[in-house]
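Below: sequence and its predicted model.
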Amino acid sequence: MKTLLLSTALVALSLSPALAGKAFISNERGNTITVVDTDTWEVLTEFDGGNRPRGIIVSPDGKKLYVCASDDNLVRVFDTETYEELPSLPSGPDPELFTIEESGTRLYIANEDDNLVTVTNTDTREVLAEVPVGVEPEGMGISPDGKFVVNTSETTNMAHFISTEDYKIKYNVLVDQRPRYAQYTADGTRLYVSSEIGGTVTVMDIAEDGAPTVVGKLTFEVPNVQPEWLQPVGVKVTEDGSRVFVALGPANRVAVVDGESLEVLDYILVGQRVWQLDFTPDQKYLVSTNGNSNDITVIDVAAEKAIRSVEVGQAPWGVAIID
C-alpha cells in the first residue's frame, strides 16, 4: 500500500504544471505592481507598490522584489511568491533607479533630488555610504565583476564610475544630454549609456582595471518620426553581446543594434512612450514598458519582432522578470 501511494504521488507530481515565470511591472501613476505570467502572458494580479514606484529589480536568488517608491523616499520590499510586503529599506530622497550586487547584499540607489548614490545593506537595512555624484542622478549599472558601479547624472551629463571597494569615484566620462541608463555587456568589456535628450547611446570599451574609453555613439533615424522624439532610455544587451536593444521613448520604437558593428539594424514598433526593458531569463523574450498606452510589449528576441501587447496598470515604468 505504501509503495502504491508513493507511486501515485510521484505520478501526480510529474503531471503537475511547471512553475511559470513572472514579470513584475511598476506602474508609476497607478502606484501598483502588475504581475504577468511569462508563459501565458496573462495578468496574474496587481498589488500596492507604494507612492510613485519606478525602478524595480529582483534579488539574485529570486525571492525578493525591490521597488523604488520615489515619493515615499524608500525602497519597498515584497516576497515574489506571496506578494507580502516585507520590511522596507532606507534609500535616501527620491530613489529612481538602482542596481544590486551578485551576492544580493548591497543595493546602489540613485537619489535624484539629493545628488547622491546611496549604498544600502539589504540584510541589516543600514545605509553603508552616500556617494556625492552629479546633478539629478538616475541610471545605475554594475560591472559583472562587481568592482564598479556606474551612475549617470542627468544634468551634469556624465557617467560616474564608483569603486565598490571604497565608494570613491574613479572615472568621469562626459556623455550627451540627459543620460538615463547604463548597461554593461555580460563579459564586462563594453558599456552602453543612453542619453534621452541627446538622442544617442555612448559606447565605451572597458579595460581590465575598469577604465572606460569612448569608442562610438549610436544615433537613430526613423522615417516619419521627428528627431526630437527619438529619446533613448532603457538598454539591454544579449548574453553574447551580438544584439543591443534600445527603448526610444516617445518614438514608440525599440531599436535593434548589431553589437559588433554598432549598426542600427531595425526598429520594432511597440506601445506609446517605451521606457524600460528586460529579458526573460532564457532571453527568448524582451519586454518593454509603454507608459502612455498603459501596456507592455512582448518581443521575440530571435525574430526581432513584437508578438503581443498586454494591458497593465497606469503609466508602466519599470520591469523585472524571474523564472
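Cool, got the structure.

any chance you could map the helices in the chain?
Here the chain has its helices, by DSSP state H, at 2-15.

If you rank every helix and strand of it by mean pLDDT, what lands last?
One helix or strand of the chain scores below all others by mean pLDDT, DSSP states H and E: helix 2-15, with a mean of 36.

Neighbours of the closest residue to Val257 other than its chain neighbours, how many?
Once flanking residues are discounted, Val257 sits nearest to Val244: 4.0 Å by C-beta to C-beta, 6 or more residues apart in numbering. Every C-beta, even on glycine, is put in place using the N, C-alpha and C of the backbone. Burial of Val244 is recorded as 24 neighbouring residues (other C-beta atoms under 10 Å).

what's the answer for Ala251, then?
Counted with other C-beta under 10 Å, Ala251 comes out at 25.

cool, and Ile307?
Quick note: Ile307 (other C-beta under 10 Å) scores 11 neighbours.

wait, what's in contact with it?
Val298, Ile299, Asp300 (C-beta atoms under 8 Å, 6 or more residues apart in numbering).

Now rank those by neighbours and give me the top one.
Result: Ile299 is most packed of these (other C-beta under 10 Å), 23 neighbours.

mind listing the strands in the stretch 101-250 of the chain by residue range?
Ranges of strands in the stretch 101-250 of the chain, per DSSP state E, counting those that start in this stretch, are 106-111, 116-121, 127-132, 137-142, 148-153, 158-163, 169-174, 179-184, 190-195, 200-206, 212-218, 235-237, 243-247.

Could you export the last one as PDB, CA atoms only?
Read that as strand 243-247. C-alpha atoms of strand 243-247 as PDB (Å, rounded to 0.1, in the frame of the first residue of the first chain):
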ATOM      1  CA  ARG A 243      22.400  42.500 -30.200                       C
ATOM      2  CA  VAL A 244      21.700  45.700 -28.300                       C
ATOM      3  CA  PHE A 245      18.100  46.800 -27.800                       C
ATOM      4  CA  VAL A 246      17.300  50.500 -27.000                       C
ATOM      5  CA  ALA A 247      14.000  51.900 -25.900                       C
END
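
Can you give the contact residues for it?
Contacts of strand 243-247 (C-beta under 8 Å, 6+ apart): 192, 194, 201, 218, 220, 232-238, 254-259, 274-277, 286, 288, 299, 301, 304.

Same check on the first one?
Outside strand 106-111, the residues within contact range by C-beta under 8 Å, 6+ apart are 55, 66, 68, 75, 89, 91-101, 117-122, 128, 137-140, 142, 149, 151, 162, 164.

same question, the second one
Strand 116-121 is contacted by residues 75, 89-92, 95, 105-111, 126-133, 137, 140, 149, 151, 162, 167 when judged by C-beta under 8 Å, 6+ apart.

Out of the residues you listed, which end up buried?
75, 89-92, 95, 106-111, 129-131, 133, 137, 140, 149, 151, 162 (16 or more other C-beta atoms under 10 Å).

Does Asn157 touch Ser195 like I think?
Yes. Using C-beta atoms under 8 Å, Asn157 is in contact with Ser195, at 7.5 Å.

Which pLDDT does the model give Asp278?
On the pLDDT scale, Asp278 is placed at 98.

And the nearest residue to it once chain neighbours are set aside, how far from Ile197?
Once flanking residues are discounted, Asp278 sits nearest to Val319: 4.5 Å by C-beta to C-beta, 6+ apart. To Ile197, Val319 is 23 Å away according to C-beta to C-beta, to the nearest Å.

out of these two, which sits in the busier spot?
Val319 (25 against 16).

Show me the beta-bridge partners of that one.
Ile25 (DSSP bridges).

For it, give me its contacts.
So Val319 contacts Ala23, Phe24, Ile25, Ser26, Ile56, Gln276, Leu277, Asp278, Val287, Ser288, Thr289, Ile296 (C-beta under 8 Å, 6+ apart).

Hmm, Leu44 and the third one touching each other?
No. The pair Ile25 and Leu44 fails to qualify as a contact (C-beta under 8 Å) at a distance of 11.1 Å.

which neighbours do these two share?
Joint contacts of Ile25 and Leu44 (C-beta under 8 Å, 6+ apart) are Val35, Val36.

out of those two, which sits in the busier spot?
Ranked by neighbour count (other C-beta under 10 Å), Ile25 and Leu44 place Ile25 first, with 30 against 13.

For Gly198, see how far away that one is.
27 Å.

Ala23 now?
Taken as C-beta to C-beta, the span from Ala23 to Gly198 is 30 Å.

Which one's more surrounded, those two?
Ala23 (25 against 19).

got the contact list for the more buried one?
Val35, Val36, Thr38, Asp278, Thr280, Val287, Ile296, Val319, Ala320, Ile321.
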